[in-house]
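Colleague: here's a sequence, model it:
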Amino acid sequence: MQREVDYLVNRLGPGQVYGDNVSEVTRGIVYHIPRVRDRKQLQRLVNAMFNSKIWHIPALDILELYEVTQAIFRWKLKISEPSISIKDFYDTWNNAFYSIRTWTLPQLAILSGVLSTKTEFLSVQQQYFIDDSSSCARMYDDWMAKHFLPVWTVMLEKYKSLPPKFEQLVLMYAPLRNKRSGVGINSGNVIQCLFNLVIKYITSKDDSSFVGRHLNDIAFVLNALVSDGSQAVLSSILHQLCQVSYDLSLKELTRQETVRYDVKYYANIMFTFVLILDGCLHNKARIPGLHHQAIMILFYINFIVQDFGKEEFHSYQRVYQVSASILAHNVDIMNASLQVLLGNIWKTDTKANTSRIIFMLEFLETTLLHIPINSQYIDKVLQPIIMSYIHSTNSIVRENAHAVQLSIFQSPNTSETPIAWKSISLKPYLELILTQFASNLVSKEQLLTVYETINSQLPYISIKYPGIVEELLQFTFSKVRDCSKIPTKVVLSECLILQCGALSGDGICKWLDTCQELITQLPQPGQLELKWKMWELVKKSRNDAAIQWWYTHDIHVRL
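Modeller: From the prediction side, this is the model:
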């Protein structure tokens, strides 16, 4: 080991010729520094590395030093029986940091790589208690507060007119995920710099670059910075984000071949864009058009979301729900955004364009549940949209079109005109969905959801139109009666049983008789399944007449 240390110290010393051999030196110090057995040798090697002129050659990317020291500390934390204790190892680096009077950019990169291992150290310390002095964790905080942040802030100002060095400084900071976006810096410059680096990554598609490997960290820092950024900076970033997401989506609109968008590159883009938007929403500044722009950006990147998924993506859900709810304050605001969405849907049958259709329909479903609408708006705007997609060959598009239709039936407006529209539209809609069910275009679960949703609205509609419940029951009964396919007949009978829940008082008994008669005409196991459905209906109805009917007919004995 002595010979290897002497060799590396010599290579790191003055008077050496550097060039292609730099990578050989960095590999050597990554391997040997964590494994040195003598503390004096460690001090020699650390000091030689920290003060070497080798790092100042133009061909060297300073950020490599970040990854070199990160690798050194990671290896040290993984060595199960180190000859030099963790405490002595950290003390050696601590002495090196405190010996510096005037910091250089390479030295700061070395320190940032060390700081990036804090989370890993704390994890190992919690599991194996590798530092019995409990002082190493405090060193991380001390190095950050007394060395990195003060030096970094000064250098940031010094190199603000030198983009390459400014970018390197910003990238040193990003993986540390420091939420203190202040520290005397011009956060607007840092935000713009980080955003520009994200755009470069999108253009280059280089997952192996420093930005590509640390994009999650960059996204988190952008999230923190934009939440405190100025209105002018955020407005500019939002405008650029809209343009970039539009350009990205436009490129995919013309792609004919099938592409999977749940790969790292696209997932990185989605994650970063959503976190930027999330930070904007947390900003206290009033940013004109923020929520509309957020919806448009999510609209443009929905081709990624459709493949990646959003169920556990809480930041996405928050951005979408907050923005949609703000736009749903009134129909004019919502409709303005809707028209922009519609204007950006093409007639091409590509994956990206289909994702735009799906997003538009989901946006309608979300907003219509909370916004008052009138029958004129339904007929002139909404119904043409629904009818354009409710017969789509794409099952997801078709399902979303049905969801929009149901959201209209559930809309909160209780004025006479929309209720009148609902009363005359329910039966034609049931006719449509039953036809699709018969053609295997709608699943049993979807059909039952439709009946449950409509049933929940009948108590309100029947106040103005008391005959509507009986009319729809007769309609469904006729479909059951005329159906020749047993499996379909069982499902339709379940729909009829569901509809009985809208009846009150003694009126339910007649239809329970009808349901029982239909059930007896079916073979097992259809009979047993439907009897259970009837029992669930009776229990939930809290209707004395229904309960009395059930026990009078003694059906429970035969379950």
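Colleague: give me the nearest residue to Lys87, chain neighbours excluded.
Modeller: The shortest distance from Lys87 to any residue that is not its chain neighbour, by Cβ to Cβ, 6 or more residues apart in numbering, is 4.9 Å, and that residue is Ser133. (Glycine included, C-beta is placed from N, CA and C.)
Colleague: now that neighbour, what's its secondary structure?
Modeller: In terms of secondary structure, Ser133 is coil; the call rests on DSSP: H, G, I helix; E, B strand; the rest coil.
Colleague: list phi and psi for it.
Modeller: Ser133 adopts backbone torsions of phi -80, psi -20, taken as degrees, to the nearest 10.
Colleague: please tell me how far Tyr300 sits from Ser323.
Modeller: Look at Tyr300 and Ser323: by Cβ to Cβ, to the nearest Å, they are 14 Å apart.
Colleague: same question but for Lys78, I mixed them up
Modeller: With the distance defined as Cβ to Cβ, Lys78 ends up 44 Å from Ser323.
Colleague: same question, Ala420
Modeller: In this structure, Ala420 and Ser323 are separated by 33 Å, where distance is defined by Cβ to Cβ.
Colleague: coming back round to it: more neighbours: which of Lys78 and Ser323?
Modeller: Ser323 (25 against 11; other Cβ atoms under 10 Å).
Colleague: quick one: residues contacting that one.
Modeller: Neighbouring residues of Ser323 by Cβ atoms under 8 Å, 6 or more residues apart in numbering: 281, 290-292, 294-295, 298.
Colleague: now the host helix or strand of it: average pLDDT?
Modeller: In this structure, Ser323 sits in helix 314-327 according to DSSP states H and E. Within the predicted structure, the mean pLDDT of helix 314-327 is 97.
Colleague: any buried residues in it, and which?
Modeller: Residues of helix 314-327 classed as buried under the neighbour-count rule (16 or more other Cβ atoms under 10 Å) are 315-316, 319-320, 322-324, 326-327.
Colleague: now Ile100. Its backbone dihedrals?
Modeller: According to degrees, to the nearest 10, Ile100 has phi -80, psi 130.
Colleague: show residues contacting stretch 261-276.
Modeller: Applying Cβ under 8 Å, 6+ apart, the external contacts of stretch 261-276 come out as 195, 198, 201-202, 205, 207, 212, 215-216, 218-220, 222-223, 226, 237, 241, 245, 248, 297-298, 301, 303-309, 313, 315-316, 319, 351.
Colleague: of the residues you listed, grab the buried ones for PyMOL.
Modeller: Under the burial definition 16+ other Cβ under 10 Å, those of the contacts of stretch 261-276 that qualify are selected in PyMOL by:
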select buried, resi 195+198+201+202+212+215+216+218+219+220+222+223+226+237+241+245+248+297+298+301+303+304+305+306+307+308+313+315+316+319+351
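Colleague: what about the nearest residue to Val480 once chain neighbours are set aside, neighbour count?
Modeller: Closest residue to Val480 apart from its sequence neighbours, by Cβ to Cβ, 6+ apart: Leu492 at 4.5 Å. Counted with other Cβ under 10 Å, the neighbours of Leu492 add up to 25.
Colleague: from Ala502, how far off is Leu492?
Modeller: Taken as Cβ to Cβ, the spacing of Leu492 relative to Ala502 amounts to 17 Å.
Colleague: same thing with Leu115?
Modeller: 65 Å.
Colleague: swap in Phe73?
Modeller: Counting by Cβ to Cβ, the separation of Phe73 from Ala502 is 68 Å.
Colleague: shouldn't the residue nearest to Val480 be in contact with Ser484?
Modeller: No. Counting by Cβ atoms under 8 Å, Leu492 sits too far from Ser484 to count as a contact (11.5 Å).
Colleague: CA-only coordinates of the helix or strand hosting Thr26 in PDB, if you can.
Modeller: Secondary structure from DSSP H and E places Thr26 in helix 22-32. The C-alpha atoms that make up helix 22-32 are tabulated as PDB, following Å, rounded to 0.1, in the frame of the first residue of the first chain:
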ATOM      1  CA  VAL A  22      -6.100  11.900 -15.200                       C
ATOM      2  CA  SER A  23      -8.700   9.100 -15.300                       C
ATOM      3  CA  GLU A  24      -6.100   6.700 -14.200                       C
ATOM      4  CA  VAL A  25      -5.300   8.900 -11.200                       C
ATOM      5  CA  THR A  26      -8.900   9.300 -10.200                       C
ATOM      6  CA  ARG A  27      -9.500   5.600 -10.400                       C
ATOM      7  CA  GLY A  28      -6.400   5.100  -8.200                       C
ATOM      8  CA  ILE A  29      -7.500   7.500  -5.500                       C
ATOM      9  CA  VAL A  30     -11.100   6.200  -5.400                       C
ATOM     10  CA  TYR A  31      -9.700   2.700  -4.800                       C
ATOM     11  CA  HIS A  32      -6.900   3.400  -2.400                       C
END
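Colleague: quick check: next helix or strand after it?
Modeller: Next in sequence after helix 22-32, counting helices and strands by DSSP H and E, comes helix 39-50.
Colleague: between helix 22-32 and that following helix, find me the angle.
Modeller: 150 degrees (axes from the mean of the first three to the mean of the last three Cα atoms, to 10 degrees).
Colleague: same for helix 39-50, what does it pack against?
Modeller: Of the remaining helices and strands, those touching helix 39-50 by 3 or more Cβ pairs under 8 Å, 6 or more residues apart in numbering; DSSP states H and E are helix 2-12, helix 22-32, helix 86-98, helix 105-115.
Colleague: can you tell me how far the residue nearest to Lys87 sits from Tyr90?
Modeller: Computed with Cβ to Cβ, the distance linking Ser133 and Tyr90 is 9 Å.
Colleague: neighbours around Gln127, how many?
Modeller: Number of residues near Gln127 (other Cβ under 10 Å) recorded here: 8.
Colleague: likewise for the one 3 residues further on?
Modeller: Using other Cβ under 10 Å, Ile130 has 18 other residues around it.
Colleague: before we move on, what about Gly28?
Modeller: Neighbourhood size, Gly28 [other Cβ under 10 Å]: 17.
Colleague: list the residues that contact it.
Modeller: Neighbouring residues of Gly28 by Cβ under 8 Å, 6+ apart: 4, 7-8, 11.
Colleague: got it, and Thr449?
Modeller: Thr449 makes contact with Leu406 under the criterion Cβ under 8 Å, 6+ apart.
Colleague: so how far is Tyr429 from it?
Modeller: As defined by Cβ to Cβ, Thr449 lies at a distance of 13 Å from Tyr429.
Colleague: thought Thr520 was touching Leu528?
Modeller: No. If you go by Cβ under 8 Å, Thr520 and Leu528 don't touch, sitting 12.0 Å apart.
Colleague: neighbour count for those two, which is higher?
Modeller: Set side by side, Thr520 and Leu528 show more neighbours around Leu528, with 13 against 9, by other Cβ under 10 Å.
Colleague: element containing that one?
Modeller: helix 526-541.
Colleague: for that helix, buried residues please.
Modeller: Applying a neighbour-count criterion of 16+ other Cβ under 10 Å, the buried positions in helix 526-541 are 526-527, 530-531, 533-534, 537-538, 541.
Colleague: and if you look at stretch 248-256?
Modeller: In terms of neighbour count (16+ other Cβ under 10 Å), stretch 248-256 has its buried residues at 248-249, 252-253.
Colleague: over to stretch 539-559?
Modeller: When burial is assessed from 16+ other Cβ under 10 Å, stretch 539-559 yields the following buried residues: 541, 543, 545-546, 549-550, 555.
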